[in-house]
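J.: fold the following.
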Amino acid sequence: MPSRPEQCRVRPTLLPLLAVLLLPSRGQPDDDWQALFNGRDLSGWVSLNVAPRTFSARDGMIVSTGKPTGVLRSEKQYENFVLEMEWRHMQPQGNAGLFIWSHAMTAPGTPFCRAIEVQVLDGLNSDTYTSHGDVFAIHGAVMTPDRPHPRGAMRCLPSESRCKPSPEWNHYRVECNNGVIKLAVNGKVVSGGTMCNPRKGYLCIESEGSEAHFRNLRIRELPTSNPAPENVAPLAQPWRNLYSGVDLSNWQSDPSNRKHWLVKDWILEGSGMDDPFAMRLPTKEQFGNFELICDWRLTQPPTKRTVPAILTDGADGPDVTIEDAGQGALQLRGHPLAEIALWSNNCGSGALNNLRRITTDDKAMRASAVPRIRADNPPGQWNRFRITLRGEIISVRLNDQLVIDRARIPDLPARGPIELIKLGTPVQFANLLLLELP
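T.: Numbering: from 1, shown residues only. A predicted model of the protein is given here:
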C-alpha cells in the first residue's frame, strides 16, 4: 500500500539540523591539537641543568625523579596557546611546576628560569601559597595577578581548592593569549594573571625533590599577537651541562677527593677543608674555544683583612682593608695564566691574577688582567661569570658587566680541562654550562 504523502514529508523544524548533519565534515576541534609528548621518549624536550636520568619516558608518562632540582625544556617556543596535561605526585607534599613563556637559560644563582610558573604542588598550604593551582612570576618575569596577593606578590592564589591529593591524577588546562594566562584545575578556572612578561618563550617541566608523573600533554596554538621583542624570551643555544646535580660523572674525582667536593643537589661545593690534593676539580673532557656560564658564591662570613691594593696597571699598591669572604678560582685549559679569581679583593673578581704577576715589559698585558670595574655582589650572594675563550683571547663578564676585555694569554694550549679551584675556604658553584665555539 503506498504511503500517504504526509508520511514522506520532513518537519520544517528539523530541516536546519538535517542540513548540518549532511554538510561535508570539516574536522573535529581535536584536529588542532598537537601532542607535546609522544609517549615513548623525550623527543621535543631538552634537559637543561639536570642529570640524563632525571626525566624519562615510562608507561606513557614523563617521569621526574625530582633529583636534582632543575628543568626539562621544550625545544620550541610558544606564544598564544591552550595547553592541557595531567599530573600526579608519588609522595605527599611533593613539589614540581610547569613554566610558561620561559627563558631557555636558568636565572643566576637558581636552578630555575625566568618564567610564569603554574604550581604543581601537593598538600602544602599557607596564607601566601597553596597546592591548589597558584600562578606566579619567577626570577624577573612580571605578572599582574587576577586577585591581589596578601603580601603584594606577583602571585595569584586559586579561588577554590580543586586539586586531588597524592597519588591521584589532576588535570590542568592553561590558556595563554596576549600576555594573559588562565588556569583551570580539574575542569574549572581558578587562577590567572594579565600583563605578563615574557609572553612568548619555552615550556618547562620542573624537577624539585620528589617523583612526579606527567601525561596526556597536548597543545593547541592560537594566532599570534605579534609581541614586542622585549616580551619574547631569547632563543636557545646548544649549551652543555657540565654538572649533573647527582654525581661528579663529568669530573676527574677519586674517593679521597669527594669529601672536599660535595654534591648538594643543584649546587657543587668545594668545602673549606684545606687539602692540597683536593683543591682542584678538573673536567674529564678537554675543551678548545667556548663560552662558559658559571654561577658561584663565597659562603664564609666576611672578616676584615689588610691586603695590597691591586692597581689598574696591574701593579700592587698601598694596603687596603677588605671584607674577606674567602676565595676560589676557575682555571681554563689547565694553564695557570688562564686562572680567573673569585675573591674579595679591591679590584673585584674576574682578575687574571697570575697573568698580572708575570715578569714582562708589556704593561698593556698586565693591565688587561685587571677587572675594568668591580662587579661583585655582596658576600654570600650568587654571582654569574660568562666567559668567552677563543684561541689565546679571553673576555669575562661578571653579573652582566664586562670586567676583562679581550686579554691575551701567551702560550695558552689549544685545548685543556676546565678546573674548579678552592683555596682553603668554602666556595659553591652552580649552572656550569658550556657552549662550544668554532
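
J.: send over stretch 388-399 as PDB, restricted to the C-alpha atoms.
T.: Below are the C-alpha coordinates for stretch 388-399, written out as PDB (Å, rounded to 0.1, in the frame of the first residue of the first chain):
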ATOM      1  CA  THR A 388      84.400  33.600  26.300                       C
ATOM      2  CA  LEU A 389      87.700  32.000  25.200                       C
ATOM      3  CA  ARG A 390      88.900  31.900  21.600                       C
ATOM      4  CA  GLY A 391      92.400  31.000  20.800                       C
ATOM      5  CA  GLU A 392      94.500  33.000  23.300                       C
ATOM      6  CA  ILE A 393      91.900  35.700  23.800                       C
ATOM      7  CA  ILE A 394      89.700  35.700  26.900                       C
ATOM      8  CA  SER A 395      86.800  38.000  27.900                       C
ATOM      9  CA  VAL A 396      85.000  37.800  31.200                       C
ATOM     10  CA  ARG A 397      81.600  39.200  32.100                       C
ATOM     11  CA  LEU A 398      80.600  39.300  35.800                       C
ATOM     12  CA  ASN A 399      76.900  39.900  36.600                       C
END
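
J.: any residues touching it, and which ones?
T.: 108, 289-292, 332-333, 338, 340, 348-350, 352, 371, 375-377, 383-387, 402-412, 437 (CB atoms under 8 Å, 6 or more residues apart in numbering). Every residue, glycine included, has its C-beta placed from N, CA and C.

J.: give me the buried positions along it.
T.: Neighbour-count burial for stretch 388-399 flags 388-389, 392, 394-399 (criterion: 16 or more other CB atoms under 10 Å).

J.: kindly state the beta-bridge partners for the most centrally placed residue in the chain.
T.: Residue closest to the average C-alpha location in the chain (CA atoms, centre = their mean): Thr106, at 2.4 Å. On the basis of DSSP bridges, Thr106 is bridged to Cys113.

J.: could you measure from it over to Tyr202?
T.: 12 Å (CB to CB, to the nearest Å).

J.: now the common contact residues for those two.
T.: Cys113.

J.: hang on, the earlier thing: which pair of the buried residues of stretch 388-399 spans the longest distance?
T.: The distance between the two most remote of the buried residues of stretch 388-399 (CB to CB) is 25.3 Å, for Glu392 and Asn399.

J.: and which of the buried residues of stretch 388-399 is nearest Asn125?
T.: Asn399 (35.9 Å).

J.: strands along the stretch 301-438 of the chain, start to end?
T.: 303-310, 316-324, 328-332, 339-342, 383-390, 393-398, 401-408, 418-422, 427-436 (DSSP state E, counting those that start in this stretch).

J.: ok, residues contacting the shortest one?
T.: Read it as strand 339-342. Against strand 339-342 from outside (CB under 8 Å, 6+ apart): 296, 298, 327-332, 349-354, 383, 385, 387, 396, 404, 421, 427.

J.: go with 6 Å
T.: By CB atoms under 6 Å, 6 or more residues apart in numbering, the residues outside strand 339-342 that reach it are 296, 328-331, 349, 351, 353-354.

J.: same deal with the third one?
T.: When contacts are defined by CB under 6 Å, 6+ apart, strand 328-332 is touched by residues 338-342, 389, 419, 421-423, 427.

J.: now render those residues as JSON lines, adding distance to Arg220.
T.: Below are those laid out as JSON lines (distance: CB to CB, whole Å):
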{"residue": "Ala338", "distance to Arg220": "50"}
{"residue": "Glu339", "distance to Arg220": "52"}
{"residue": "Ile340", "distance to Arg220": "48"}
{"residue": "Ala341", "distance to Arg220": "52"}
{"residue": "Leu342", "distance to Arg220": "47"}
{"residue": "Leu389", "distance to Arg220": "44"}
{"residue": "Glu419", "distance to Arg220": "48"}
{"residue": "Ile421", "distance to Arg220": "51"}
{"residue": "Lys422", "distance to Arg220": "51"}
{"residue": "Leu423", "distance to Arg220": "55"}
{"residue": "Val427", "distance to Arg220": "47"}
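
J.: buried only: go through the residues you listed for me.
T.: 338-342, 389, 419, 421-423, 427.

J.: how about stretch 250-264: buried residues?
T.: 250-251, 253, 257, 260-261, 263.

J.: low pLDDT regions in the stretch 201-350 of the chain?
T.: 272-278 (pLDDT under 70).

J.: likewise the stretch 1-150 of the chain?
T.: Using pLDDT under 70, the stretch 1-150 of the chain drops low at 1-30.
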